[in-house]
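Asks: what's the 3D shape of this:
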Amino acid sequence: MNKVYILLGANLGNPMKQLQDARAHIDHDIGRIIVQSSIYETEAWGIEDQPVFLNQVIFVETLLDASAVLACCQKIESKLGRVRQEKWGARLIDIDILYFNDERIETPHMVIPHPYIHLRKFTLIPLCEIAEDYIHPLLHLSNKELLVAASTEDPLSVKKFMPQ
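Replies: This is a model prediction of the structure:
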C-alpha cells in the first residue's frame, strides 16, 4: 500500500465545499483517507493580492503509483472546475502531492517531494498536525524541523479556520 500526503487548497467559489468535494473524490478515486488535518485559513503565497485560502493536508493509502495519483488529482481538479491560468493565482481547487512514500521522483510533469514544502507555513502547519515526525526524504529533516525554519522566512498568516 502506498502512502501519500496531499495538500488541498481553495480560495474561490465556496472553498469549504470545494475541499469537501475534493476529499470525496480522492476517497473514491485514489484511496482511503486515513487522517486529515484541521482546515486552515491562510494568506496567499506567491501572489498575495487575492482572497485568503482554505488549506488542509490529508494522508491517503492507495494501490495507485505516483503517476496515477497525479493523473487522478488533475482529473479531480478539472471535475471541480479548476482552470490553470496563473501560477500561484486564485483557484477553485488545488490538489498537490506533497510526499509519496519516502520516494524522490522527478519527471517533466511531477516532482516529489513537492519542491516548496520547506518554504510554506500553510503546508507545514497542517502537515505537522498529522505527521510532524515524518522525515523529508531529500532534506533529511522532520516536518516539525522544517516548520521551525520556515517560520523565520514565511511571514504570512496561517490560522485554524473556525466556520461561523
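Asks: residue ranges for the helices of the chain, please.
Replies: Here the chain has its helices, by DSSP state H, at 15-29, 66-79, 121-131, 143-153.
Asks: so which of those helices gets nearest Asn101?
Replies: In terms of C-beta to C-beta, the element of these nearest to Asn101 is helix 66-79, at 8.4 Å. Yep, even glycine has a C-beta here, placed from its N, CA and C like the rest.
Asks: which strands and helices sit next to the closest one?
Replies: If contacts are counted by 3 or more C-beta pairs under 8 Å, 6 or more residues apart in numbering; DSSP states H and E, helix 66-79 sits against strand 2-10, helix 15-29, strand 94-100.
Asks: Between those, which one is closest to Leu63.
Replies: Of all the helices and strands packed on helix 66-79, strand 2-10 comes closest under C-beta to C-beta, at 7.0 Å.
Asks: ok, the closest one: who's next to it in the sheet?
Replies: Under the criterion DSSP bridges, strand 2-10 sits next to strand 53-62 (antiparallel), strand 94-100 (antiparallel) in its sheet.
Asks: what's the angle between that strand and helix 15-29?
Replies: 160 degrees (axes from the mean of the first three to the mean of the last three C-alpha atoms, to 10 degrees).
Asks: Can you give me the buried ones in strand 2-10?
Replies: Across strand 2-10, burial judged by 16 or more other C-beta atoms under 10 Å covers 2-10.
Asks: Pull the contacting residues for the spatially closest residue to Pro113 that is not a sequence neighbour.
Replies: Nearest residue to Pro113, sequence neighbours excluded (C-beta to C-beta, 6 or more residues apart in numbering): Tyr99, at 5.3 Å. By C-beta atoms under 8 Å, 6 or more residues apart in numbering, the contact set of Tyr99 is 3-5, 112-114, 134, 136-137.
Asks: hmm, back to that, in TSV: the buried residues of strand 2-10, plus distance to Phe161 and pLDDT.
Replies: Shown next, in TSV, are the buried residues of strand 2-10 (distance: C-beta to C-beta, whole Å; pLDDT from 0 to 100):
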residue	distance to Phe161	pLDDT
Asn2	29	98
Lys3	26	98
Val4	23	98
Tyr5	19	98
Ile6	18	98
Leu7	15	97
Leu8	12	97
Gly9	12	93
Ala10	11	92
